[in-house]
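Asker: With the sequence up front, the predicted model follows.
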Amino acid sequence: MFNWLNVSMTRKISGLSFVLLSFLFVVIVYSAYQSQRIYKEMHEVAEIDVPLSEVMADIEMLQLKQHLLMESIRQQGDVFFSDQSLQEKSIEGFDRFSAQLAAQLDKSTEILRTGLGFGSIRIKLLDHRSLIQHINLLHQHRIKFDHLVDDFLKQGKQGFSTSWPMLELQDKGLDTQTDELLRKIDQLTINVSAAVESQERHFVVMNAVLGISAFGIGTYLTLYIIITFRKRIWSLRGQIESLHRSIVVEHDKASVNHKGLDELDELETDLKVLVRQFSKEMSNRHKVEAQLIELATRDKLTGAFNRHKWDELIKDELALANRGHHFSLILLDVDHFKKINDTYGHDVGDNVLKLLVNTLRKRLREIDVLFRVGGEEFAVLVKDTNLEGAGMLAEQLRKKVEALNENGMPPFTISLGVTDYQDSDDQSRIVKRADVLLYEAKGAGRNTVVIG
Ligand SMILES: Nc1nc2c(ncn2[C@@H]2O[C@H](COP(=O)(O)OP(=O)(O)OP(=O)(O)O)[C@@H](O)[C@H]2O)c(=O)[nH]1
């Protein structure tokens with residue numbers, strides 16, 4: 001099952017943003033659709049409302065004229081029939097009233113039919129039917145009134161007392177029916193407007209609900225992002241701080257948790273400090289490593305490489321020699337060193353060894369490597385040099401040591417055995433050969449170089 005809590009922060013933020021954007025899209029589409037709909041409805045309502053209001057005003061005007069006409073005849077009484085021009089004007093007035101009322105009623109019927117075409121929201125079918133019935137009834141009343149007008153005119157002065165009350169009664173009925181129709185039409189226009197107003201209210205409420213929901217989602221998203229980021233940043237800064245505390249010395253410990261423009265700025269500064277601290281630590285570590293390597297590979301007394309380094313380098317050199325590089329090996333030993341120790345003391349013996357190494361180093365090239373391989377025994381790896389060259393070097397070294405005349409130091413000499421790499425040599429073979437040569441040099445009276 002989908003578990004919202006376990007998804008990544010990116011997916012959560014993307015998901016919430018998608019929901020928010022979709023929601024806003026729905027709000028926009030809904031608003032556009034509803035606005036369009038309300039505009040259309042208002043337009044349609046105007047097509048019903050305005051002409052019906054006009055019809056009502058016209059009918060009211062007709063009623064007023066009709067009242068005036070009836071009133072003027074009533075006031076004349078049977079004298080009406082003596083006034084020819086009044087009769088003619090009245091006939092004309094009745095005809096006009098009837099024709100115009102019929103026209104207005106037809107117009108109302110047409111408007112109502114149009115309104116019905118806009119759908120039941122504008123004019124309900126029942127209202128429509130009731131109004132059409134009422135209009136038809138009014139037509140019948142109007143026709144009946146026309147007949148009564150004819151009777152009234154035909155009967156003349158003699159029939160005035162009987163025909164006039166009937167005509168007045170019919171006119172009143174017609175008037176009442178017309179008022180009733182006007183009231184119904186008025187109610188209809190109110191209903192039609194109310195339907196649109198209800199739509200507008202609904203639209204406003206829906207928009208408010210959607211807007212508040214979008215605001216809610218937006219607020220949740222914003223708070224979620226802020227809180228999550230702050231939590232993560234605090235946690236990261238905590239980790240950075242403990243990391244920092246674990247790698248720095250005591251007096252530097254307050255150098256994280258900087259104040260900045262915002263959390264990210266502070267995090268960035270903390271990270272920069274940590275990275276700086278790391279690089280400092282790395283460089284210190286490299287120095288310490290170099291010192292350790294130095295300590296592990298050098299002889300403490302003389303500074304020459306030790307036996308451990310010798311074992312390592314001779315193997316490398318033999319491997320190179322197998323691939324065509326040439327090298328020679330000088331083994332040398334201080335003559336009668338025991339005697340020096342015994343005569344001058346152990347400290348002087350130590351100083352003799354140091355002096356010897358310094359003297360040899362001065363003559364050796366950068367690429368040649370000097371090792372202390374025993375108590376007073378040393379080896380020199382003479383790279384890229386054949387036996388003859390190594391022999392000459394050994395002789396020069398012997399002479400230099402022999403010629404030493406250091407203040408407070410006893411004179412001493414060295415014996416040297418020199419050999420070079422020969423095919424299929426290994427460490428023990430080449431060392432053994434040099435050792436034999438050194439032994440020969442000792443046997444030959446010491447302070448001697450033997451090459452072989
Ligand atoms: N002062 C001092 N003496 C050392 C050191 N290492 C070894 N020795 C001494 O060096 C002496 C070596 O003596 P031997 O092996 O008899 O050799 P030698 O006296 O030089 O005689 P030959 O080699 O035959 O000329 C020993 O007495 C060791 O105690 C050191 O680091 N310092």
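Answerer: Looks like it came in fine.

Asker: The ligand contacts on the protein?
Answerer: 301, 333-339, 341, 346, 349-350, 353, 375-376, 442, 446 (CB under 6 Å from any ligand atom). In this view, the C-beta of every residue, glycine as well, is placed from N, C-alpha and C.

Asker: Was I right to think Ile217 contacts Val26?
Answerer: No - here Ile217 lies out of contact with Val26, judged by CB atoms under 8 Å, at a distance of 11.5 Å.

Asker: If you count surrounding residues, which of the two has more?
Answerer: A side-by-side neighbour count of Ile217 and Val26, using other CB atoms under 10 Å, places Ile217 first with 18 against 13.

Asker: Which residue, other than its chain neighbours, is closest to that one?
Answerer: Take Ile217 and drop its neighbours on the chain: the residue closest to it by CB to CB, 6 or more residues apart in numbering is Leu20, 4.8 Å away.

Asker: which ones are touching the one you found?
Answerer: By CB atoms under 8 Å, 6 or more residues apart in numbering, the contact set of Leu20 is Ala214, Ile217, Gly218, Leu221.

Asker: The second one and Arg11: what is the separation?
Answerer: Right, the one you point to is Ile217. Summarising the geometry, the distance separating Ile217 from Arg11, computed by CB to CB, to the nearest Å, is 16 Å.

Asker: by contact count, what packs against the top helix by length along the chain?
Answerer: Determined from DSSP state H, the single longest helix within the chain is helix 160-247. Helix 160-247 sits against helix 9-76, helix 84-117, helix 125-155, helix 263-297, with contacts defined as 3 or more CB pairs under 8 Å, 6 or more residues apart in numbering; DSSP states H and E.

Asker: Count the neighbours of Leu223 for me.
Answerer: Burial of Leu223, expressed as a neighbour count using other CB under 10 Å, amounts to 10.

Asker: Next, give phi and psi for the residue at the greatest distance from the centre of the chain.
Answerer: The outermost residue of the chain, judged against the average C-alpha position, is Gln158 (101.6 Å), by CA atoms, centre = their mean. Taking degrees, to the nearest 10, you get phi -60, psi -40 for the backbone angles of Gln158.

Asker: cool, Thr448 as well?
Answerer: Backbone torsions of Thr448, given as degrees, to the nearest 10, read phi -140, psi 150.

Asker: ditto for Ser328
Answerer: In terms of degrees, to the nearest 10, the main-chain angles of Ser328 are phi -130, psi 160.

Asker: Same question for the one 10 residues further on.
Answerer: Main-chain torsions, Lys338, degrees, to the nearest 10: phi -60, psi -40.

Asker: Repeat that for the one 3 residues further on.
Answerer: Recorded main-chain torsions at Asn341 are phi -60, psi -50, according to degrees, to the nearest 10.

Asker: Skipping adjacent residues, who's closest to it in space?
Answerer: Beyond its immediate neighbours in the sequence, the residue positioned closest to Asn341 (CB to CB, 6+ apart) is Gly349, lying 4.1 Å away.

Asker: give the contact list for that neighbour.
Answerer: Counting by CB under 8 Å, 6+ apart, Gly349 has contacts Phe337, Ile340, Asn341, Glu376.

Asker: And for the last one, the neighbour number?
Answerer: Residues lying near Glu376 (other CB under 10 Å) number 20.

Asker: Show the model's pLDDT score for it.
Answerer: The predicted local distance difference test score for Glu376 is 94.
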